[in-house]
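Participant: the following block contains a protein sequence and its predicted model.
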Amino acid sequence: MNRKELEAKAKKLGIDFNEDTSDSELQKLVEDAEDNFDSSNSDPEYLKEEMKKAIEARDKAKREKRKFKEDLDKTKREMQELQDRMKGLPDGDTLTQLKKELKELKEYRQTVEEEKRQAEEANMDEIGKLKARLERKEKEAEELVNRTRSEVESTFKSQLEEALSKVNQYEKTVSSLRRSKLEGDVIKAAHANKAIKPSDIFKMVKDDFEFDAEEGKFYHYTRDKKGNIADEKDVDEYIKDFLSKEENDYLVEASVRGNSFHSNQSSDGPKDRRSFKGSGKYDPNDAKVIKGAKDLGLSVEDWIEIQEKKDAKFERIEANRHK
């Protein structure tokens, strides 16, 4: 399929793209859209909006990746400049020369003391002159040592702090890029599994994953009592299992909830988030409601909507048991 055909199909499916979108990326977006599109049960406008969000998340990750590379290159240049500046510090030969001069000053002091002793014996008037010379040389030696030590310590400390700051900034950038990638992967998997609101799924499960540095991917680990890894699932597997659980069927479009009676809701029950209206059971100003929403990273309105859908589901279960 050539570029022109890809663009025509992308426009038909409501996919946003631009000239920076490569042929392979555009073809992948078209294939994903065709795999996830259900003409009899899906809302085209809603799918278009979710696809737009996924593309924006991808483009944002690409921009951040480019910026990260630029920052990394800048850091490398600055580290090289730091190394070049450190070349100006006293090297081994210079320090050896300073030690030699200090030794010579000590030997000179011994010579002056000897001259002083001899002067005391020969002419007491020379004692004051020798003492002044000795004190002057001692002061020069002390100033030389202190000045060299202070300059070396100050320069090294400043350069070390600058290097550590660059390393911390680099780690923050890497962490931000990883979080953006996880968000994009979760939203894509949630959309593929017909989640009503994929962005809410990310808020609910974002803390369930750990990053594997060797593979460069996120995984959900199940650990035994000793803390050893008993099972692992990547993002796609975990989101699929999470949304397939019965207790989470209120997060999925009604048309894909399987063969249970949940897929045939009564006309007076909540059908989806676009037609759902709050019953007034939960007060949005209640402290417990606010805390519950905050713990899941959701808005108060979304939290109330989810709770009322759960309540409606359990009411239908109880009604079914008494039939």
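Facilitator: It's in. In this text the structure is predicted, and so the values were computed from the model without any measurement.
Participant: export whichever strand or helix holds Val205 as CSV, just CAs?
Facilitator: Per DSSP states H and E: Val205 is located in helix 198-205. C-alpha atoms of helix 198-205 as CSV (Å, rounded to 0.1, in the frame of the first residue of the first chain):
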residue,chain,number,x,y,z
PRO,A,198,-8.5,4.5,28.6
SER,A,199,-7.0,7.5,30.3
ASP,A,200,-8.7,6.6,33.6
ILE,A,201,-7.3,3.0,33.3
PHE,A,202,-3.8,4.4,33.3
LYS,A,203,-4.6,6.4,36.5
MET,A,204,-5.8,3.3,38.2
VAL,A,205,-2.9,0.9,37.3
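Participant: who's in contact with that helix?
Facilitator: Residues outside helix 198-205 that contact it (C-beta atoms under 8 Å, 6 or more residues apart in numbering): 50, 53, 182-183, 186-188, 190-191, 195, 238-239, 242-243, 251, 296-298, 302, 306. Using the backbone N, CA and C atoms, a C-beta is placed for each residue, glycine as well.
Participant: tell me the SS of Asp231?
Facilitator: Assigned with DSSP: H, G, I helix; E, B strand; the rest coil, Asp231 falls in the strand class.
Participant: which residues touch it?
Facilitator: Asp231 is in contact with 221-222, counting by C-beta under 8 Å, 6+ apart.
Participant: still on that earlier bit, among the contacts of helix 198-205, which lie within helices?
Facilitator: Among these, the residues falling in helices (DSSP state H) are 50, 53, 182-183, 186-188, 190-191, 238-239, 242-243, 296, 302, 306.
Participant: by pLDDT, give me the weakest of those.
Facilitator: Comparing pLDDT over the ones in helices among the contacts of helix 198-205, the lowest score belongs to Glu50 (71).
Participant: got the contact list for the residue positioned nearest the centre of the chain?
Facilitator: Centroid-nearest residue in the chain, with C-alpha atoms, centre = their mean: Ser175, separated by 2.0 Å. Going by C-beta under 8 Å, 6+ apart, Ser175 touches no other residue.
Participant: please report the distance of it from Glu143.
Facilitator: For Ser175, the distance to Glu143 (C-beta to C-beta, to the nearest Å) stands at 48 Å.
Participant: domain map for the chain?
Facilitator: Following automatic domain parsing, one finds the domains of the chain at 90-172, 265-323.
Participant: need those in JSON lines with mean neighbour count and distance to Glu70, can you?
Facilitator: Below are the domains of the chain laid out as JSON lines (neighbours: other C-beta atoms under 10 Å; distance: least, C-beta to C-beta, whole Å):
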{"stretch": "domain 90-172", "mean neighbour count": "12", "distance to Glu70": "12"}
{"stretch": "domain 265-323", "mean neighbour count": "13", "distance to Glu70": "31"}
